[in-house]
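Novice: build me a structure from this.
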Amino acid sequence: MRVGFVAHGPIQVPVGDRHLRASSIGIWCHHVAQAMARRGARPVVYHEGGNPEHRVRAFHEYVGDVEYVGFPTGLDRRIRHAMGRRSEVGFGSRWYYPHYDARVAVDARRRKLDALVIANFSQTAPVVRRLNPSIEIVLHMHCDWLVQLDRRTIDRRLRACDRIGGVTGHVSHAVADRFPQHAARCFTLPNGVDLPEFDDVGEPDERLILFVGRCSPEKGLHVLIEAFEELSRGRPDARLRVVGPTQPAPRFFIVDVSEDPEVRALGRFYDSPTSYHEQLIEMVPDHLRSQVEFAGRRSFRQVVDEYGRAAVVVLPAVGPESFGMPVIEAGAAARPVVVTNVGGLPEVVEDETTGLVVPRNDAPSLAKALERLLDDAELRRRMGRQGRTRVVERFTWDVVAGQLDAQLGR
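Specialist: Numbers count the residues shown, from 1 in each chain. Now for the predicted structure:
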């Protein structure tokens with residue numbers, strides 16, 4: 001089978017001594033394509049890239065049996081800029097990646113692909129369908145956009161898709177509820193993890209709480225700092241380490257498309273003259289400055305080491321959180337997690353088995369759950385072991401590729 005994957009953005013491709021870091025979408029496309037190749041497919045991955053010396057020409061490279069095709073998107077950025085002067089052109093518009101999508105459609109036709117998996121950007125599906133009437137199109141959603149954007153527009157796009165997947169039931173069930181006419185084609189296809197990377201992570205620091213992810217308001221770091229201040233009264237030895245990029249998600253991706261009042265309330269952090277990262281630093285009391293560290297972005301190998309040093313991993317999302325990659329990465333490292341009851345997190349974490357689930361925006365409950373795990377080493381070890389088992393059974397890339405393979409050709 002010839003199957004393509006469409007990532008609107010840069011991809012994670014290890015080539016020689018290079019390792020290009022990407023978003024979670026790029027990571028998903030890369031790993032699932034590699035796992036599909038191991039199953040005998042012939043995958044091609046489309047991504048935002050290209051030879052910097054040639055602004056138009058596609059850039060091709062191979063990693064194993066997977067071909068990666070990078071299409072430059074400078075023209076699309078210029079189109080968005082020009083259209084934005086006259087009309088509201090957002091990420092849900094067909095003008096967001098028009099040139100890129102057209103090139104994907106043309107290349108898919110040239111290669112006679114059997115199937116194409118499109119991540120998140122539903123506007124790509126009709127473009128591909130017009131030039132590839134017999135191709136199988138799978139739209140795979142890692143976020144809630146299908147239930148946040150204009151209903152009629154999304155309905156037209158979903159008609160061009162053969163299958164509509166979500167990383168959790170939270171995503172796929174919401175789509176089926178909003179579009180019952182497409183419900184029979186909805187399914188759940190999760191994220192995954194490269195399990196062997198986490199085999200030898202070392203021994204934890206029993207005082208260390210770890211957050212991994214973007215420093216962005218929807219991740220709830222402001223609630224975490226409040227909870228850590230409360231926790232430190234009973235556990236003055238506790239430490240908090242925040243690992244991840246400091247640039248928040250754009251407001252229009254999170255706040256402006258949401259009808260959730262608690263998510264809408266996050267707009268106050270965007271309205272401030274200082275960045276969210278700077279606001280968080282200011283929130284840390286002086287007497288805790290030495291115990292709270294913002295480590296910034298790290299390489300994947302360094303992040304794996306961070307998991308190994310942690311006693312507990314926390315994801316205190318306010319919303320939206322469709323899946324929560326750090327949850328299964330923590331499980332792969334046999335570390336327990338504390339998460340909020342947001343989006344798909346309660347599906348990924350088994351409460352009281354692989355971790356603890358607490359209400360969102362509830363600093364006292366978050367502090368209590370963290371303290372409980374810090375105080376009970378045997379509970380941490382048990383939850384860590386069960387988290388690892390859950391990842392082995394449900395969240396490896398080979399398991400994910402097998403589930404995708406089972407959906408194709410239905």
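Novice: now Glu378: how far from Pro336?
Specialist: As judged by C-beta to C-beta, to the nearest Å, Glu378 and Pro336 stand 11 Å apart. Just so you know, the C-beta spots here come from the backbone N, C-alpha and C atoms, and that holds for glycine as well.
Novice: what's across from Leu356 in the sheet?
Specialist: Val338 (DSSP bridges).
Novice: and it, what does it touch?
Specialist: The contact partners of Leu356, by C-beta atoms under 8 Å, 6 or more residues apart in numbering, come to Pro336, Val337, Val338, Val339, Val349, Ala369, Arg372, Leu373.
Novice: what's the answer for Ala7, then?
Specialist: So Ala7 contacts Ala22, Ser23, Ile25, Gly26, Trp28, Cys29, Val45, Tyr46, His47, Glu48, Ala119 (C-beta under 8 Å, 6+ apart).
Novice: try it again with 10 Å
Specialist: 22-23, 25-30, 33, 45-49, 68, 117-121 (C-beta atoms under 10 Å, 6 or more residues apart in numbering).
Novice: list the buried ones in the lengthiest helix in the chain?
Specialist: Assignment by DSSP state H gives helix 377-394 as the longest helix of the chain. Residues Arg380, Met383, Gly384, Gln386, Gly387, Arg388, Arg390, Val391 are the ones in helix 377-394 that count as buried (16 or more other C-beta atoms under 10 Å).
Novice: what residue ranges in the stretch 201-350 of the chain score low on pLDDT?
Specialist: Regions of the stretch 201-350 of the chain meeting the criterion pLDDT under 70 are absent.
Novice: in strands only, show me the contacts of Ala7.
Specialist: Val45, Tyr46, His47, Glu48, Tyr68, Val117, Ile118, Ala119 (DSSP state E).
Novice: switch these over to CSV; also include neighbour count and distance to Trp145.
Specialist: Shown next, in CSV, are the ones in strands among the contacts of Ala7 (neighbours: other C-beta atoms under 10 Å; distance: C-beta to C-beta, whole Å):
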residue, neighbour count, distance to Trp145
Val45, 24, 21
Tyr46, 27, 19
His47, 27, 19
Glu48, 19, 18
Tyr68, 24, 25
Val117, 27, 16
Ile118, 28, 12
Ala119, 25, 11
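Novice: now these as TSV including distance to Val138 and pLDDT?
Specialist: Shown next, in TSV, are the ones in strands among the contacts of Ala7 (distance: C-beta to C-beta, whole Å; pLDDT from 0 to 100):
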residue	distance to Val138	pLDDT
Val45	14	95
Tyr46	14	95
His47	17	91
Glu48	20	86
Tyr68	19	92
Val117	5	98
Ile118	7	98
Ala119	10	96
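Novice: want to throw those into a markdown table with distance to Leu288?
Specialist: Shown next, in a markdown table, are those (distance: C-beta to C-beta, whole Å):
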| residue | distance to Leu288 |
| --- | --- |
| Val45 | 44 |
| Tyr46 | 46 |
| His47 | 41 |
| Glu48 | 40 |
| Tyr68 | 45 |
| Val117 | 45 |
| Ile118 | 45 |
| Ala119 | 39 |
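Novice: which among those gets closest to Glu136?
Specialist: If you rank those by distance to Glu136 using C-beta to C-beta, Val117 comes first, at 9.3 Å.
Novice: can you name the residues that contact the closest one?
Specialist: 3-7, 28-29, 32-33, 36, 43, 45, 136-140, 163, 165, 189, 404, 407-408.
Novice: mind doing that once more with 8 Å?
Specialist: Counting by C-beta under 8 Å, 6+ apart, Val117 has contacts Val3, Gly4, Phe5, Val6, Cys29, Val32, Val138, His140, Leu404.
Novice: try Ile11
Specialist: Residues in contact with Ile11 (C-beta under 8 Å, 6+ apart) are Leu20, Ala22, Gly26, Cys29, His30, Val45, His47, Glu48, Gly49, Tyr68, Gly70.
Novice: residue boundaries of the helices in the stretch 201-350 of the chain?
Specialist: In the stretch 201-350 of the chain, the segments counted as helices under DSSP state H, counting those that start in this stretch are 221-234, 251-254, 261-264, 267-271, 276-283, 300-309, 325-332, 345-348.
Novice: tell me the most buried of the ones you listed?
Specialist: Highest mean neighbour count of the helices of the stretch 201-350 of the chain: helix 325-332, a mean of 27 (counted as mean count of other C-beta atoms under 10 Å).
Novice: now do it: everything it contacts.
Specialist: Against helix 325-332 from outside (C-beta under 8 Å, 6+ apart): 24, 191-193, 195, 197-198, 211-213, 303-304, 307, 310, 313, 315, 336-337, 339, 345, 348-349, 354-355, 384, 387-388, 390-391, 395.
Novice: now that helix against helix 377-394, angle please.
Specialist: 110 degrees (axes from the mean of the first three to the mean of the last three C-alpha atoms, to 10 degrees).
Novice: what residues are up against Arg239?
Specialist: Applying C-beta under 8 Å, 6+ apart, the residues near Arg239 are Asp205, Arg207, Leu208, Ile209, Gln291, Val292, Glu293.
Novice: let's go with 7 Å and repeat that
Specialist: Counting by C-beta atoms under 7 Å, 6 or more residues apart in numbering, Arg239 makes contact with Arg207, Leu208, Ile209, Gln291.
Novice: likewise for Glu371?
Specialist: Contacts for Glu371 were tallied using C-beta under 7 Å, 6+ apart; they are Leu231, Gly234, Arg235.
Novice: just checking, the first one touches Asp237?
Specialist: Translated: Leu231. No. Counting by C-beta atoms under 7 Å, Asp237 is not a contact partner of Leu231; they are 10.6 Å apart.
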